[in-house]
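[1] how would this look folded up:
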Amino acid sequence: MTAPRAPVAVDASSAFGRPRPSKRATAGPGRRAGSFPPLRGLLPLAAALGVWQVVGDPGSPYLPPPSTWVRGLRDLWTSGALRPATTATLTTFVLALVVATVVGALLGVVVGVSPRADRALGPTLEFARALPPAAIVPIAVLLIGYDQKMKVAVVTFAAVWPILLNTRAGVRRLDPVLRDMARSLHLSRLDTARKVTFPALAPSILLGVRVAAPISLVITLLVEIITRVNGLGALITISQRNYQSARVFGLILVAGLFSFLVNGLVGTMEASVSRHRPRA
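    Residues are numbered from 1 along each chain as shown. Modelled structure (predicted):
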């Protein structure tokens, strides 16, 4: 007499001839987000601007409709004021974000790897992180002056913290197997940092850059508004004091669209770096 066979589990989807979904097609909690934010996310803004255009009064000194913003920007472009101001703001933004990325990543690795350095630098870093960027402007003006270097220094000070904190957290989450592998291959410290540590930390660093990018743009405009150094912020201040509200709203819209594009570019870089990493 033969022993009874154990029941065999049957996949219902394969039993009825339906193909199983592939691992790439399944959407789980470990799926990576899209590289560029979808443009449909701008639909609420477009709808609000459309309503504003319909109900707005072109003669209003406070809330002019969006059609007047375009005319205000065209006047600034024709007068030759918009292009150099935009170039100055973008230059400050890019330089400050690059410097903040380098400094934040290096400091994050140092305080993340060495508990002694974390204890020594921790109180100073926490004190500096709590300082508002606007309070740094007078000190930067006294030490550096009214120029682009001052703007880059203040914006870098404000943007470095998200990158530093994300890098430090990424270092502490590193798999010890990576360090053991580098040690077993007898890699030097430079080769370990270049071939193992920083490639593993790239997603954490880019996440910090993604958080720091809008902060950098906001602080750039804030410094230009306070000091009136050439840039979009200075144009906003001049237009506001001359009661040219259409130009003010137009310049704010330009800054918002630029922030949207920068966020998309950083997201694309993050997706490109994380493409070949194992899924969670």
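
[2] any stretches of the stretch 1-150 of the chain with poor pLDDT?
    Where the stretch 1-150 of the chain drops to pLDDT under 70, the residues are 1-38.

[3] apply 90 and report the result again.
    Low-confidence segments of the stretch 1-150 of the chain (pLDDT under 90): 1-46, 48-49, 55-63, 80, 109-135, 145-148.

[4] where do the helices of it begin and end?
    Taking DSSP state H, counting those that start in this stretch to define them, one finds helices in the stretch 1-150 of the chain at 12-15, 43-55, 66-79, 82-113, 115-130, 133-143, 148-172.

[5] nearest to residue 217, of the ones you listed?
    Closest approach to residue 217 among the helices of the stretch 1-150 of the chain (CB to CB): helix 82-113, 5.7 Å. In short, each C-beta sits where N, CA and C put it, glycine included.

[6] sorry, back to before: among the helices of the stretch 1-150 of the chain, which is nearest residue 256?
    Going by CB to CB, the one of the helices of the stretch 1-150 of the chain nearest residue 256 is helix 43-55, 8.5 Å.

[7] what's the neighbour count on residue 129?
    Per other CB atoms under 10 Å, the neighbour tally for residue 129 reads 14.

[8] so it is in contact with residue 163, correct?
    No. The criterion here is CB atoms under 8 Å, and residue 129 misses it with residue 163 at 11.9 Å.

[9] which ones are touching residue 187?
    The contact partners of residue 187, by CB atoms under 8 Å, 6 or more residues apart in numbering, come to 195-196.

[10] give me the phi and psi for it.
    Dihedral angles phi and psi of residue 187 (degrees, to the nearest 10) take the values phi -80, psi 140.
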